[in-house]
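S.K.: I'd like to go over a predicted model; first the sequence, then the structure.
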Amino acid sequence: MVSTVPALNTDNLSQLRLEIRNLQPQLVEWRRRLHQRPELGFKEQLTAEFITEKLKAWGIEHQTEIAKTGIVATIEGHQPGPVLGIRADMDALPIQEENQVSYKSQHDGIMHACGHDGHTTIALGTAYYLANHRQDFQGIVKIIFQPAEEGPGGAKPMIEAGVLKNPDVDAMIGLHLWNNLKLGTVGVRSGALMAAVELFECTIQGKGGHGAMPNQTVDSIVVAAQIVNALQTIVARNVDPLESAVVTVGSLHAGHANNVIADSAKMTGTVRYFNPKYAGFFGKRTEDIIAGICQGQGASYDLNYYSFYPPVINDSRIAELVRSVAETVVETPVGIVPECQTMGGEDMSYFLQEVPGCYFFLGSANAEKDLAYPHHHPRFDFDETALGMGVEMFVRCVEKYCSKQQ
């Protein structure tokens, strides 16, 4: 039986201006259309067409096909002023949706399981509102619809294509709908919000043989097991205990029979940390440990180590701007979560390396409506009341940043 999300909780929309409250049904419609047609990174053709269709209808200047499917909309205020960038990601995940809702994904094996359909919708709603209220802000707002956040990463190629230039962006903001926070809350902090993401793949080459004659072999599984344990000492003994970091071996594959010593073993894993000073450190330390254990055991190795995304570091001034705006949209003080951090990663980090900015979390979970499944879960969904709240947050940030006080 197909169900629909229950009626919106209008209490959470009480702080929104009337025009945005009236836009809420349209936001829900846009989001559900996007949810039904999810697309993977750099393949967001239908999504880009939908965005372009709306921007054209509203008379908003925009560029398309940036880093394949990216779009930048430019909205000028009533007079010159600062340039504020707003970023929204568009891509989905290779997950089979298990929700039984009227707007369930129509693309087999692909699902918006992280809220990017909501991010795109909020950015569209913001563009619509600003285009109709240019008299309320100065300067320029550049809304960046970015592909491939889930991988391999669309922020960097968009920056390389010049989206922060002509005119030059002075500051950036962005949000992530966050099912780790309940609806009606905002997670915002200065400094590190999300972690750096580094990945590794390693093949241990031993010497296979009979399980009853280990003296004739170099057991790749024993070597790999020692490596897995030793990698945990990087955080335990090499990282400042006042810092946060994670080393995870996520997979280990070796052998096919119970009486055969495996010739090789392959492991993959990830490293996370907040402090940029550790860039390059974990890769070197990981290889040192692997090399030392392999040498001691008579094995060899092949290691590939990738720095995927840097940490998301918020500028204190822009974070304070977002926090002050959040205080006018959600109930305070309980609605503001100042120390909200996650070891998850985000390529918004590349934008924040180029210009000062703030990425923040907008609470979207509602357990009473069974809308509290975690991100990347096949039953992930969120309370769509957050859509209007996101538009209100962005609009108020624009009005406050792009004003005579800046």
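M.R.: Structure's in. What do you need? Predicted model, so just to flag it, every value in this text is computed and none were measured.

S.K.: Would you list the strands that the helix or strand hosting Thr74 pairs with, along with their directions?
M.R.: Thr74 is part of strand 70-76, with elements assigned from DSSP states H and E. Each strand paired with strand 70-76, and its direction, by DSSP bridges: strand 61-66 (antiparallel), strand 140-146 (antiparallel).

S.K.: In terms of secondary structure, what does the helix or strand that that strand is followed by contact?
M.R.: For strand 70-76, the following helix or strand on the C-terminal side (DSSP H and E) is strand 83-89. For strand 83-89, the packing partners by 3 or more C-beta pairs under 8 Å, 6 or more residues apart in numbering; DSSP states H and E come out as helix 116-131, strand 140-146, strand 171-182, helix 348-354, helix 385-401. For the C-beta atoms, the positions are set from N, CA and C on the backbone; glycine is no exception.

S.K.: will you turn the strands paired with strand 70-76 into JSON lines that also has distance to Asp219 and mean neighbour count?
M.R.: Converted to JSON lines, the strands paired with strand 70-76 look like this (distance: least, C-beta to C-beta, whole Å; neighbours: other C-beta atoms under 10 Å):
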{"stretch": "strand 61-66", "distance to Asp219": "51", "mean neighbour count": "16"}
{"stretch": "strand 140-146", "distance to Asp219": "46", "mean neighbour count": "26"}
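
S.K.: Kindly reformat these as a markdown table containing mean pLDDT.
M.R.: Written out in a markdown table, the entries for those read as follows (pLDDT from 0 to 100):
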| stretch | mean pLDDT |
| --- | --- |
| strand 61-66 | 98 |
| strand 140-146 | 98 |
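
S.K.: Let me know which of the ones you listed is the nearest to Ser102.
M.R.: Nearest of the strands paired with strand 70-76 to Ser102, taken as C-beta to C-beta: strand 140-146 at 25.4 Å.

S.K.: Report how many residues lie close to the closest residue in space to Glu243 that isn't next to it in sequence.
M.R.: Among residues not flanking Glu243 along the chain, Asn275 sits closest, at 5.5 Å (C-beta to C-beta, 6 or more residues apart in numbering). Counted with other C-beta atoms under 10 Å, the neighbours of Asn275 add up to 19.

S.K.: now do Phe382
M.R.: Neighbours around Phe382, by other C-beta under 10 Å: 28.

S.K.: so what's the backbone phi/psi at it?
M.R.: phi -140, psi 160 (degrees, to the nearest 10).

S.K.: does Cys114 really touch Tyr373, like I thought?
M.R.: No - at 11.4 Å, Cys114 does not count as touching Tyr373 under the criterion of C-beta atoms under 8 Å.

S.K.: the more surrounded of the two?
M.R.: Taking neighbours as other C-beta under 10 Å, Cys114 and Tyr373 compare with Cys114 leading, 25 against 18.

S.K.: Would you check how far apart that one and Glu368 are?
M.R.: According to C-beta to C-beta, to the nearest Å, Cys114 stands 22 Å off from Glu368.

S.K.: Of all the strands paired with strand 70-76, which one is nearest Gly81?
M.R.: Here strand 140-146 is closest among these (C-beta to C-beta), at 7.5 Å.

S.K.: Flag the shaky bits of the stretch 1-150 of the chain, pLDDT-wise.
M.R.: Scanning the stretch 1-150 of the chain with the threshold set as pLDDT under 70 gives 1-12.

S.K.: same thing but 90
M.R.: 1-15 (pLDDT under 90).

S.K.: Go ahead and flag the most central residue of the protein.
M.R.: Residue closest to the average C-alpha location in the chain (C-alpha atoms, centre = their mean): Glu346, at 4.0 Å.

S.K.: Overlap in contacts, Cys114 and Tyr373.
M.R.: Taking C-beta atoms under 8 Å, 6 or more residues apart in numbering as the contact rule, Cys114 and Tyr373 both touch Phe380.

S.K.: could you redo the strands paired with strand 70-76 as TSV and give each row distance to Met393?
M.R.: Below are the strands paired with strand 70-76 laid out as TSV (distance: least, C-beta to C-beta, whole Å):
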stretch	distance to Met393
strand 61-66	22
strand 140-146	14
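
S.K.: just so I know, which of these lies nearest Asn258?
M.R.: strand 140-146 (48.9 Å).

S.K.: picking up where we left off before, could you check how far the residue nearest to the centre of the chain is from Asp117?
M.R.: 17 Å.

S.K.: How about Val223?
M.R.: Distance, Val223 to Asp117, using C-beta to C-beta: 45 Å.

S.K.: the more surrounded of these two?
M.R.: Neighbours per residue, other C-beta under 10 Å: of Val223 and Asp117, the larger number sits with Asp117, 30 against 26.

S.K.: follow-up on the earlier one: relative to helix 385-401, how tilted is the strand holding Thr74?
M.R.: Here strand 70-76 runs at an angle of 50 degrees relative to helix 385-401 (axes from the mean of the first three to the mean of the last three C-alpha atoms, to 10 degrees).

S.K.: still on that earlier bit, between the helices and strands packed on strand 83-89, which gets nearest to Ala161?
M.R.: Per C-beta to C-beta, nearest to Ala161 of these: strand 140-146, 10.7 Å.

S.K.: need the next SSE after that closest one, C-terminal direction.
M.R.: Where DSSP H and E defines the elements, the next helix or strand beyond strand 140-146 is helix 155-160.

S.K.: what helices or strands is that next one leaning on?
M.R.: Using 3+ C-beta pairs under 8 Å, 6+ apart as the contact criterion, the elements in contact with helix 155-160 are strand 140-146, helix 348-354.

S.K.: quick one: the last one to chain centroid distance?
M.R.: I take that to be helix 348-354. Here the centre of helix 348-354 is set off from its chain's centre by 12 Å, with C-alpha atoms, centre = their mean, to the nearest Å.

S.K.: outside of it, which residues touch it?
M.R.: 85, 87, 144, 149, 153, 155-156, 159, 164, 169, 172, 174, 194, 196, 309-315, 357, 359.
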